[in-house]
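Enquirer: sequence first, predicted coordinates after that:
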Amino acid sequence: MSKTHILIVDDEPQIRKFLRATLTSHDYQVSEAEKCAEAMKLLTTHPPDVMLLDLGLPDGDGLDVIKELRGWSQLPVIVLSARGQEQDKVTALELGADDYLTKPFGAAELLARIGVALRHSQAGSQGQESLFASEGLMVDFGKRLVSVDGKEVKLTPTEYKLLCTMTRHAGKVVTHGQLLREVWGKHATEQGHYLRIYMQHLRQKLGDDALNPRFLITETGVGYRLKA
Amino acid sequence: MQAPDTTPSSSAKSYVFALAACAVATTLALPLRDYLNPANAVMFYLLGVIITAARYGRRASIAASGFAFLAYNFFFTEPYYTFYVNDYKDVLTLVLLLISGIVAGAQTSKLQAERNFFRTKEHNTSVLYAMSNELTAMRERERIVTAIARHVEDAFGATAIVWFPESKIPELREEQAARWAYEHQQPAGLGTPTLPGAAGYYMPLAGTDHALGVLGLTPRERHSFSTSEHEMIQTFANLAASALERADIAEVAERTKVEAEGEKLRNALLSAVSHDFRTPLASIKGVISSLLMEDNRLQPDDKQDLLASAHGEVTRLERIVSNLLEVTLLESGKLKLKKDYYFLPELVGNALKQTEAALQGRPVHCHIPPDLPALQVDGLLIEQVLVNLLENAAKYTPASSPITLRCDGYGGQVKITIEDAGPGIPAGEEEKIFDAFHTAAENRKGSGLGLAICRGILQAHGGAIRAETRPEGGAVFTVMLPVGAVPAMTEAA
């Protein structure tokens, strides 16, 4: 089996160097681009398995690369961006990016996110699984059964739908907008406050402490992440 | 202060009224003709003339006297229903009626005019008073300009603008008139010798040493302003000019103050940067250079140790950089809050995670009531406040000393307190520690930005922060934060 291929798109040579060194030492094959145009060319000629994409590129906005790419490919995209640019992260996720890493980040975080993204793209091609299990939380979609540490938890239909949506994206950040659309329908994007309340109820029923969450993590300014 | 009634329609109305007054006098007096002394009948007409004078002024009253003369002649002198007069006494009565009608009318209309004059004057005074009152309280130029335009429009029934050299009027002729008035410091446009064809009248706004702008009035129906109105416009212009000048002076003073504070901040920043950046940089450079040495004889354990310490220093630099960015944003007033709904435990949880390394095992006891409602805040910034306060507690307390975090709801506000078991705040420093770059001199442990950022963020949220030393020892930081506009939950979950 050939090595997993990762495309790095960033205009900072030092960052590319760090990424290349980390990834090649973990047995990934790496190609690099420093501009949008170059990235688009590589995406068509040598399609990678994952793309790491910086948003501020010299010849354009990384967001445009995502928009264009999503017209014909579902390959996982991880956005690299700085703290304080939460709006960009939300936009990237809603355009179809799979995840983001906040600069500066460490090697462990980088490898973990790439792992999650790869798992998702493989699971996606195999179709919906019938069971989700992680960290003591189990959801049996066929029987519509939720349990924590083996004990059954009763959820309302909305809470269940919310949890299912989170499991579909397990390990990845889901924006408030995505959750509202997937759980309440595409016209419900103004009901932000309800989402927080339902999430709070769901946490309470799962026995998840927001102070030290086991399952549901708040990504402030962006959305929620279910630990995978 | 309305323009005098000189339009054709209103003067026609006054003559119709004069005629009607005589007709009414005739109708009332005629049935009594055989019982009345002729002098009594005359009184009816005089009454009509005086009422006309009071309502429509001198010209109408003369017309009314004329109508009265004719009507009396026609109905009350023999032979009736002709303009012939048999008796010379009747001729005398008629002439006297005409003269006394004219005199009484003139007197009445004069009185009326005086009354109008005083009433207008009183109205003007109150309009001016209202405007000057409103302007005194204002400092922002734009609001002053709007207020002037509104008051002038109310007072003169004309469209008003305040023109500045940098502004532009679409109509070329109006623009020229305004610019001429500005450059020559003399009125121009409607009713003046300069560009009289313009639709508006332009009065310069003169400051003490330079022209400030121009006040332009365009009457809704084209007519020139009267002399008294010109005087009035001048008074308005003087008031407007002094308000604008005051605003300019206040703005300059404010700018100077901001510049001075900026200077102070830059100096403090330089000294902080030189200290806070150099220390970690020196240590990182040292570590890397020793690892790069080809013949380094470091044991793997020592290598790992050195790298870990360099990593720690980098984290410290990272915090300083983001603190500097944040304080710059806060000081420049460019920080925009991105408010959203959060439950406090989520934010506290994230802050604890971020400070895990800095706390070095100091236990944090959290007491948050489970029914605390959601807050509408900028979550990242409030997280930042909590991170800075926790780091501050870690910095000034001995290893493994406990920290207590409490939250409480207080009608529209939440109170967050963070207590530590350190030495407390030096007396008299409770306020100063929130100033940027202020750190206790003998105890220099940070860049002195963390607490300044906390205060800036809370002020931006309409909240507050204060620090005290607890009676039982240790410092306590108290944060008050408005809950924000949180909609009621109507739907059952």
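Expert: In hand now; what should we look at?

Enquirer: low pLDDT regions in chain A?
Expert: A:1, A:83-84, A:124-128, A:188-190 (pLDDT under 70).

Enquirer: so which elements touch the helix or strand hosting B:Ala106?
Expert: In this assignment (DSSP states H and E), B:Ala106 forms part of helix B:88-136. Packing contacts for helix B:88-136, counted by 3 or more Cβ pairs under 8 Å, 6 or more residues apart in numbering or on different chains; DSSP states H and E, involve helix B:38-56, helix B:58-76, helix B:141-156, helix B:227-292. Yep, even glycine has a C-beta here, placed from its N, CA and C like the rest.

Enquirer: can you get me a residue count around A:Thr24?
Expert: 13 (other Cβ atoms under 10 Å in any protein chain shown).

Enquirer: sorry, that was for B:Gly450
Expert: Around B:Gly450 there are 26 residues (other Cβ under 10 Å).

Enquirer: my read: it touches B:Ile320, true?
Expert: No: here B:Gly450 lies out of contact with B:Ile320, judged by Cβ atoms under 8 Å, at a distance of 10.0 Å.

Enquirer: ramachandran angles for A:Lys143?
Expert: Main-chain dihedrals, A:Lys143, degrees, to the nearest 10: phi -90, psi 0.

Enquirer: do B:Lys415 as well
Expert: Dihedral angles (degrees, to the nearest 10) for B:Lys415: phi -110, psi 130.

Enquirer: now it, nearest residue through space, not along the chain?
Expert: In this structure, B:Lys415 finds its nearest non-sequential neighbour in B:Asp408, 4.8 Å apart by Cβ to Cβ, 6 or more residues apart in numbering or on different chains.

Enquirer: and B:Arg319, by the same measure?
Expert: In space, and not counting its chain neighbours, B:Arg319 is closest to B:Glu391: 7.9 Å by Cβ to Cβ, 6+ apart.

Enquirer: in terms of secondary structure, what does whichever strand or helix holds the one you found contact?
Expert: B:Glu391 is part of helix B:379-395 when elements are defined by DSSP H and E. Packing contacts for helix B:379-395, counted by 3+ Cβ pairs under 8 Å, 6+ apart, involve strand B:340-342, helix B:344-354, helix B:356-359, strand B:403-410, strand B:413-420, helix B:450-460, strand B:475-482.

Enquirer: check the offset of stretch B:305-320 from the chain's centre.
Expert: Distance of stretch B:305-320 from the chain centroid (Cα atoms, centre = their mean, to the nearest Å) equals 49 Å.

Enquirer: oops, could you answer that again for stretch B:167-179 instead?
Expert: Relative to its parent chain, stretch B:167-179 has a centroid offset of 27 Å by Cα atoms, centre = their mean.

Enquirer: buried residues in that stretch?
Expert: Buried residues in stretch B:167-179, counted by 16 or more other Cβ atoms under 10 Å in any protein chain shown: B:169, B:174, B:176-179.

Enquirer: the residue nearest to B:Lys415: neighbouring residues, count only.
Expert: Residues near B:Asp408, counting by other Cβ under 10 Å, number 13.

Enquirer: report the contact partners of it.
Expert: Counting by Cβ atoms under 8 Å, 6 or more residues apart in numbering or on different chains, B:Asp408 touches B:369, B:372, B:414-415.

Enquirer: can I get those residues in CSV including distance to B:Leu291 and neighbour count?
Expert: Shown next, in CSV, are those (distance: Cβ to Cβ, whole Å; neighbours: other Cβ atoms under 10 Å in any protein chain shown):
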residue, distance to B:Leu291, neighbour count
B:Pro369, 51, 12
B:Leu372, 49, 15
B:Val414, 49, 21
B:Lys415, 49, 14
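
Enquirer: name the nearest of those residues relative to chain A.
Expert: Nearest to chain A among the contacts of B:Asp408, counting by Cβ to the nearest Cβ, is B:Leu372 at 10.5 Å.

Enquirer: what sits against that closest one?
Expert: B:Leu372 makes contacts with B:343-344, B:407-409, B:414, as judged by Cβ under 8 Å, 6+ apart.

Enquirer: over to A:Asp140?
Expert: Contacts here follow Cβ under 8 Å, 6+ apart; on that basis A:Asp140 touches A:130-131, A:146.

Enquirer: list only buried entries from the residues you listed.
Expert: A:Val146.

Enquirer: in strands, which of the contacts of A:Asp140 fall?
Expert: A:131, A:146 (DSSP state E).

Enquirer: closest to chain B among the contacts of A:Asp140?
Expert: A:Val146 (15.9 Å).

Enquirer: flag every residue of chain A that's near chain B.
Expert: Within chain A, the positions near chain B by Cβ under 8 Å from any Cβ of the partner chain are A:83-84, A:86-87, A:104, A:156, A:158-159, A:176, A:192-194, A:196-198, A:200-201, A:209-213, A:218, A:220-221.

Enquirer: would you show me how to pick out the buried ones of those in ChimeraX?
Expert: To isolate the buried members of those in ChimeraX, using 16+ other Cβ under 10 Å:
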select /A:83,84,86,104,158,159,176,192,193,194,196,197,198,200,201,210,211,213,218,220,221
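
Enquirer: ok and the residue in the stretch 351-493 of chain B nearest chain A?
Expert: Nearest to chain A, among the residues of the stretch 351-493 of chain B, is B:Gly379, at 4.1 Å (Cβ to the nearest Cβ).
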